[in-house]
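Engineer: no sequence for this one, just the structure:
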């Protein structure tokens, strides 16, 4: 694969529902980065597509099955146009 295909430039432009959640004590994506992409999305006019869930747990991508299911259910509700946590 070409090196330029390995990196993505985050612009904040989204046009489909997106649910984001972090681990509360993540050594890789620390708290100071949590607002960066959501702010880009809102600045690009896609805030209606974005749902940010509260941080949970420890580690990096260490979500329980229940937390993953809750996030997925939130995404399904958002995609269906039903109210949910924003």
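Structural biologist: That came through fine. Fair warning: this is a prediction, and the values are worked out from it, not measured in the lab.
Engineer: Now residue 18. Its backbone dihedrals?
Structural biologist: When read as degrees, to the nearest 10, the backbone of residue 18 gives phi -140, psi 130.
Engineer: which residues pair with it across the strands?
Structural biologist: Here residue 18 sits in beta bridges with residue 50, going by DSSP bridges.
Engineer: Just to check, it is in contact with residue 50?
Structural biologist: Yes: judged on Cβ atoms under 8 Å, residue 18 makes contact with residue 50 at a distance of 5.4 Å. Bear in mind the C-beta positions are built from the backbone N, C-alpha and C, glycine included.
Engineer: which secondary structure elements does the lengthiest helix in the chain contact?
Structural biologist: Longest helix of the chain, by residue count under DSSP state H: helix 65-79. Counting by 3 or more Cβ pairs under 8 Å, 6 or more residues apart in numbering; DSSP states H and E, the packing neighbours recorded for helix 65-79 are strand 18-20, strand 50-52.
Engineer: Pairing partners for the helix or strand following the last one, with directions?
Structural biologist: Where DSSP states H and E defines the elements, the next helix or strand beyond strand 50-52 is strand 56-58. Here strand 56-58 has these sheet partners by DSSP bridges: strand 23-25 (parallel).
Engineer: Need the nearest residue in space to the most centrally placed residue in the chain, chain neighbours excluded.
Structural biologist: Centroid-nearest residue in the chain: residue 20, 1.8 Å away (criterion: Cα atoms, centre = their mean). Closest residue in space to residue 20, ignoring its immediate chain neighbours: residue 52 at 5.0 Å, by Cβ to Cβ, 6 or more residues apart in numbering.
Engineer: The one you found: what's it in contact with?
Structural biologist: Listed by Cβ atoms under 8 Å, 6 or more residues apart in numbering, the contact set of residue 52 reads 19-21, 38, 86.
Engineer: So which of these is the closest to residue 64?
Structural biologist: Residue 64 lies nearest to residue 21 out of these, by Cβ to Cβ, at 11.6 Å.
Engineer: With that, I have no additional questions.
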